[in-house]
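Q: Got a predicted structure here, sequence first:
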Amino acid sequence: MQVGHAVAALWLFWLVSWILAASWADPVRKRADFRAEARYRVLWLAGTVLLFVPAHGYVGRLRLWTPTLTQAWICVALIAIGIGFAWWARLHLGRLWSSTVTAKADHRIIDTGPYALVRHPIYTGLLLSVLATMAVKGTVWGVAGAALLLVGIVIKARLEESFLRGELGPAYDDYARRVPMLVPFSPA
């Protein structure tokens, strides 16, 4: 299998399985404002388009580096690890998961499993996969796409933080003091 095909297969697996898993979620009780969500969604869309501009065989000025075959397969492994970490978090969150910023009936803080390492482990896993995808591509488009996705993820994480503080109160503040937002083992 070629590196490019492996990268595409991993992301396709994630996308299809994530869409299918959306049916597991509980109904929404309360949702964040659509305009607040539009900001990160635009960044995610633009970032995804740029990140996945084909790069194989490209040797023009917009290629910043070319990873060796070993480096490329390490990136493939990091993409798989990131997707696996995101899936661990998704499964651990269970029916409380939502693709949008929402509160569910009986919403509560989950602070075990990957949620003991970071407050937003799905984003942490996806960021690892995005950065590894950027590294394996080595193009200006890959860097620009990863940057837009990073900014979009931070915007959505902060929106979720604000929303959850409003819904869960001081208990969420305590969780935020104990557990870092996106980078495991960093100061909270």
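A: It's in. Residues are numbered from 1 along each chain as shown.
Q: Packing partners of the lowest-mean-pLDDT helix or strand in the chain?
A: Sorting the helices and strands of the chain by mean pLDDT, DSSP states H and E puts strand 28-31 at the bottom, at a mean of 70. When contacts are defined as 3 or more CB pairs under 8 Å, 6 or more residues apart in numbering; DSSP states H and E, strand 28-31 sits against strand 102-104. All C-beta atoms are positioned from the backbone trio N, CA, C, and that covers glycine.
Q: pLDDT averaged over the strand it packs on, what's the number?
A: For strand 102-104, mean pLDDT rounds to 78.
Q: So which other helices or strands are in contact with it?
A: Looks like strand 102-104 contacts strand 28-31, helix 140-168 (3+ CB pairs under 8 Å, 6+ apart).
Q: partners of the least confident helix or strand of the chain in the sheet?
A: If you go by DSSP bridges, strand 28-31 pairs up with strand 102-104 (antiparallel).
Q: any chance of the helices and strands packed on strand 102-104 in CSV, plus mean neighbour count?
A: Shown next, in CSV, are the helices and strands packed on strand 102-104 (neighbours: other CB atoms under 10 Å):
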stretch, mean neighbour count
strand 28-31, 13
helix 140-168, 19
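Q: Mind telling me which of these the model trusts least?
A: With a mean of 70, strand 28-31 has the lowest mean pLDDT of these.
Q: hang on, the earlier thing: check the offset of the least confident helix or strand of the chain from the chain's centre.
A: Its chain's average C-alpha position is 22 Å from that of strand 28-31, according to CA atoms, centre = their mean, to the nearest Å.
Q: Include distance to residue 1 when you put the helices and strands packed on strand 102-104 into CSV, please.
A: Output for those, formatted as CSV (distance: least, CB to CB, whole Å):
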stretch, distance to residue 1
strand 28-31, 40
helix 140-168, 20
